[in-house]
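A.B. asks: Sharing a model that was predicted from the sequence below.
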Amino acid sequence: MQPKLIIHGGAGSSLKGKGGLDAVRRSLHAIVEQTYAKLQAGADAQDAVILGCHLLEDEPRFNAGTGSVLQSDGQVRMSASIMNGPQQRLSGVINIAQVQHPIDLAQWLQTSPDRILSDYGGAQLVRELQLPIHNPLTDLRLQEWLEERKGNFSKDMAGVVAEDSMDAEAGRGTIGVVALDQQGQIVAGTSTGGKGFERIGRVSDSAMPAGNYATRDAGISCTGIGEDIIDECLAARIVVRVTDGLALEAAFQKSFAEAQAHQRDFGAIGIDKTGAIAWGKNCDVLLAAYHDGDRIHDTLEAPLGCQVRSS
Ligand code: ASP
């Protein structure tokens, strides 16, 4: 099969300047190019998803790994999961600290009998695996937190991308990757620093089937307000619709129409087993880019709603 790939770097309200937009575009396209090359060279979907997540977690612009937003107490806590479609298996970590690639812990847990670990258990695993200590905090995110503290944390969420000037009114910034490999296997991965400024102990959708889900038929990664994603059970909802026979496009449209009626605020990306690639959003921007086998496209300036590129 011809491999397919879609990635995202979050969703939210408009990116401030063209500078922001161009830089985000360059960064997303470069990551799609590198990750798609791996799929084309014969890598399986899970390895490609791990590579794509590493590159996105290492890009300080996005709210995952290095560059993660701070919680209300000024600490970074990250969550990540992998859903392997052929195995129909989710693994992940919730609110872990001081690692460079939270997605690696999710990958390790794929073959463990205990597959989702929260803070304390995640920290034990980091010790057991002897992963080096990594501080994901960046100056921009610290500045953003200090600014927000002045206003007593009035914003719903942190900025979508870390930008040089601090007046971004955007939200979100989680990262996600969905890949279909040459064997037709679909895997989805999602990694996040959370909403930003949240209460200690708040659990993100990113390590739940609501935010990251896949079967043999389709895979979806979500971004946006985690509570909204959980209330719609968005990723699993779209995938189950495809598994039950709806086309990917119809599954996106139906799920986003319902979400619109409930005034939800999020975006999602996905791929199905026919190689169709889809995305949808009911917020201003979805920072997604994809490779359809011919070339790279992105959704940075796309209108509200859903779109599908059939195979
Ligand atoms: N969904 C993430 C969360 O609520 C945030 C995001 O997508 O940026 O934790």
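C.D. replies: Ah, there it is. Residues are numbered from 1 along each chain as shown.

A.B. asks: For the protein, just list every one of the strands.
C.D. replies: For the chain, strands defined by DSSP state E occupy the ranges 4-12, 78-84, 89-96, 116-118, 175-180, 186-192, 212-214, 218-224, 266-272, 277-281, 285-291, 296-298, 305-309.

A.B. asks: Report the contact partners of Asp265.
C.D. replies: Listed by Cβ atoms under 8 Å, 6 or more residues apart in numbering, the contact partners of Asp265 are Gly171, Gly224, Ile225, Asp228, Asn282, Cys283. For the C-beta atoms, the positions are set from N, CA and C on the backbone; glycine is no exception.

A.B. asks: So which of the residues you listed belong to helices?
C.D. replies: Asp228 (DSSP state H).

A.B. asks: most neighbours, which of the contacts of Asp265?
C.D. replies: Gly224 (28 neighbours; other Cβ atoms under 10 Å).

A.B. asks: wait, isn't that residue in contact with Gly267?
C.D. replies: Yes. Counting by Cβ atoms under 8 Å, Gly267 is a contact partner of Gly224 at 5.6 Å.

A.B. asks: what's the overlap in contacts for those two?
C.D. replies: Ala11, Cys283.

A.B. asks: if we can go back for a sec, including pLDDT and distance to the ligand, could the contacts of Asp265 go into JSON lines?
C.D. replies: Output for these, formatted as JSON lines (pLDDT from 0 to 100; distance: Cβ to the nearest ligand atom, whole Å):
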{"residue": "Gly171", "pLDDT": "46", "distance to the ligand": "7"}
{"residue": "Gly224", "pLDDT": "94", "distance to the ligand": "5"}
{"residue": "Ile225", "pLDDT": "93", "distance to the ligand": "6"}
{"residue": "Asp228", "pLDDT": "96", "distance to the ligand": "8"}
{"residue": "Asn282", "pLDDT": "92", "distance to the ligand": "13"}
{"residue": "Cys283", "pLDDT": "89", "distance to the ligand": "10"}
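
A.B. asks: For the contacts of Asp265, which two are the farthest from each other?
C.D. replies: Gly171 and Asn282 (12.8 Å; Cβ to Cβ).

A.B. asks: what about the closest residue to the ligand within the stretch 1-150 of the chain, neighbour count?
C.D. replies: Taking Cβ to the nearest ligand atom, the ligand has its nearest neighbour within the stretch 1-150 of the chain at Gly10, 4.9 Å off. Number of residues near Gly10 (other Cβ under 10 Å) recorded here: 30.

A.B. asks: can you pull up the bridge partners for Asn84?
C.D. replies: Legend: beta-bridge partners of Asn84 under DSSP bridges are Arg89, Val187.

A.B. asks: neighbours of Gln130, just the number please.
C.D. replies: Count around Gln130 with other Cβ under 10 Å applied: 6.

A.B. asks: which ones are touching it?
C.D. replies: Counting by Cβ under 8 Å, 6+ apart, Gln130 has no contacts.

A.B. asks: With Thr274 instead?
C.D. replies: Leu248, Ser310, Ser311.

A.B. asks: Repeat that for Gly42.
C.D. replies: Counting by Cβ under 8 Å, 6+ apart, Gly42 has contacts Gln182.

A.B. asks: switch the cut-off to 10 Å
C.D. replies: For Gly42, the contacting residues are Pro3, Asp181, Gln182, Gln183, by Cβ atoms under 10 Å, 6 or more residues apart in numbering.
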